[in-house]
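Student: Predicted structure and sequence below. I'll ask about it afterward.
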Amino acid sequence: MKRSLRLTDIYQDQIRALRIRSFVEFLKKCSENSLYLSIEQSAKEMATTAKRLKFQVPADLTKESLPSEQVKRISNYPTALHKVLEIDANNIVRHGYESLKNNQEIYWNKRQS
C-alpha cells in the first residue's frame, strides 16, 4: 500500500511539472515582470522558510491567514472536470491572494528598494 501511495505521489508531481513547464517557458519569453508562485505553503510555512533564509518577516504575516490544514487541502484540490463547491473556490482564491501578498511583503519589496 505504501509503495502504491508513493508511486501516486511521484505520478502527481510529474503531472504538475509537465503542466507548468510550458507556462514557465511562456513567462520567460514574453514578460520580464512575471512571476510563478506555488500555493503549496501556508503563511506560517512561508514565514518559517523566509526566516531560515534570513529575510525579515512582517509580524502580522500569519494573522487571519488560512490554517495549514486548509492550505494543504487546497493545494491538493483535484483538477478534474467537476463542479467546484463555492466554499472551496473562495478558499482557493483567498489563499492565492494571501500567497501573492505574503511573497510581495517578504521578497519582492526588498528587491525593489
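Tutor: Arrived safely. Numbering: from 1, shown residues only.

Student: burial of the residue nearest to Met46 when sequence neighbours are not counted, as a residue count?
Tutor: Distances taken as CB to CB, 6 or more residues apart in numbering place Asn102 nearest to Met46, at 5.3 Å, with adjacent residues excluded. Backbone N, C-alpha and C define where each C-beta goes, glycine included. Residues lying near Asn102 (other CB atoms under 10 Å) number 22.

Student: Tell me which residues touch Asn102, please.
Tutor: Neighbour list for Asn102: 43, 46-47, 61, 65 [criterion: CB atoms under 8 Å, 6 or more residues apart in numbering].

Student: mind listing which of these are in helices?
Tutor: 43, 46-47 (DSSP state H).

Student: Mind picking the one among the contacts of Asn102 that's closest to Leu5?
Tutor: Nearest to Leu5 among those: Met46, at 26.4 Å, using CB to CB.

Student: pLDDT score for that closest one?
Tutor: We note a pLDDT of 90 for Met46 in this prediction.

Student: Check the burial of it by counting its neighbours.
Tutor: When neighbours are counted by other CB under 10 Å, Met46 registers 23.

Student: I figured it hits Glu105, correct?
Tutor: No. The pair Met46 and Glu105 fails to qualify as a contact (CB atoms under 8 Å) at a distance of 9.8 Å.

Student: between those two, what contacts are shared?
Tutor: Both Met46 and Glu105 are contacted by Leu61, under the criterion CB under 8 Å, 6+ apart.

Student: I'd say Gln70 and Asn90 touch.
Tutor: No. Using CB under 8 Å, Gln70 is not in contact with Asn90; the gap is 11.3 Å.

Student: more neighbours, those two?
Tutor: The residue with more neighbours, out of Gln70 and Asn90, is Gln70; 15 against 11, by other CB under 10 Å.

Student: What helix or strand is the more buried one located in?
Tutor: Assigned by DSSP states H and E, Gln70 belongs to helix 68-75.

Student: Show the secondary-structure elements that that helix is packed against.
Tutor: Helices and strands touching helix 68-75, by 3 or more CB pairs under 8 Å, 6 or more residues apart in numbering; DSSP states H and E, are helix 43-52, helix 86-103.
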